[in-house]
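>>> With the input below, show me the fold.
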Amino acid sequence: MIQTAIVKNKRTEGKIKTDYGINNYYKYFIKNNQDINISSNEYKDIITEFNNGIINLIIEDGLEYTIPYIGSTLCIRKDKRVPRIVNGKLYNPSPVDWVATNKLWSEDEESKSKKLLVRYLNNHTSKYVFRVYFKKYNLYFENKKLYSFKVNRIFSRLLGKRIKDEDKEKFDSYLLYNKTTINNESY
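Below you'll find the predicted structure:
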């Protein structure tokens, strides 16, 4: 059974942190592969190089990486985020630009008290928002919906750099289609 502990600090409020990491994986590898003589640092370098290669293939080549023995897939997807009216209220799903929002709040107390948010327009991507998508419908165990995946900061920043890179071909990905109703027909 995996032991977990709830970590509480400013950045990871209420997140569950497992007790297993790269050192535990190294010990398991050495225990099950006694004929291979490799140091802990070499093992970490190999794992890091492999993971960076996968990240590069996902971002640059649009690879859909299926994680072995689990059956889940990592890939890049895009959503169109357009403001709309829902039940008489404005709903804006675009990401918040926290740098601009904090600047606005420091300059204008009224906007801070009303909690006005400045959002990204994403005009350079035609209002699409790209994200790393964790497809878990192929998971081979129960309680799939309890599992989530969050990419690390480096992966997110590399994806953002690639999207904004004008020297390369425009970044494109598959669109996740949401069911919409047009003339009382579902598409």
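>>> Skipping adjacent residues, who's closest to Thr125 in space?
Among residues not flanking Thr125 along the chain, Ile163 sits closest, at 6.5 Å (C-beta to C-beta, 6 or more residues apart in numbering). To be clear about C-beta, it is placed using only N, CA and C from the backbone, and glycine gets the same treatment.
>>> Tally up the residues packed near the one you found, please.
The tally of other residues near Ile163 (other C-beta atoms under 10 Å) stands at 21.
>>> pretty sure it is in contact with Phe130, am I right?
Yes: assessed by C-beta atoms under 8 Å, Ile163 is found in contact with Phe130 at 5.8 Å.
>>> Look up phi and psi at the residue nearest to Thr125.
phi -70, psi -40 (degrees, to the nearest 10).
>>> would you list every one of the strands in this structure?
4-7, 15-18, 65-66, 73-80, 84-86, 89-91, 128-135, 174-175, 181-182, 185-186 (DSSP state E).
>>> Centre of the chain to the fourth one, how far?
Translated: strand 73-80. From the chain centre to the centre of strand 73-80 is a distance of 9 Å (C-alpha atoms, centre = their mean, to the nearest Å).
>>> now the angle between strand 128-135 and it, please.
150 degrees (axes from the mean of the first three to the mean of the last three C-alpha atoms, to 10 degrees).
>>> Which neighbours in the sheet does strand 73-80 have, and how are they oriented?
Within its sheet, strand 73-80 is paired with strand 65-66 (antiparallel), strand 128-135 (antiparallel), strand 174-175 (parallel), according to DSSP bridges.
>>> dump the residue contacts of Tyr28.
Shown in contact with Tyr28 (C-beta atoms under 8 Å, 6 or more residues apart in numbering): no residues.
>>> repeat for the one 10 residues further on
Going by C-beta under 8 Å, 6+ apart, Ile38 touches Ile30, Ile46.
>>> Next, find the distance separating it from Leu90.
57 Å (C-beta to C-beta, to the nearest Å).
>>> And for Lys170?
Remark: distance between Lys170 and Leu90 (C-beta to C-beta) = 30 Å.
>>> again with Arg153
Going from Arg153 to Leu90 by C-beta to C-beta gives 31 Å.
>>> do the same with His124
Separation of His124 from Leu90 (C-beta to C-beta): 23 Å.
>>> more neighbours, those two?
For His124 versus Leu90, neighbours defined as other C-beta under 10 Å are more numerous around His124 (12 against 8).
>>> For that one, give me its contacts.
Residues near His124 by C-beta under 8 Å, 6+ apart: Ile163, Lys164.
>>> switch to 10 Å and redo it
His124 is in contact with Ile163, Lys164, Glu166, Lys170, counting by C-beta atoms under 10 Å, 6 or more residues apart in numbering.
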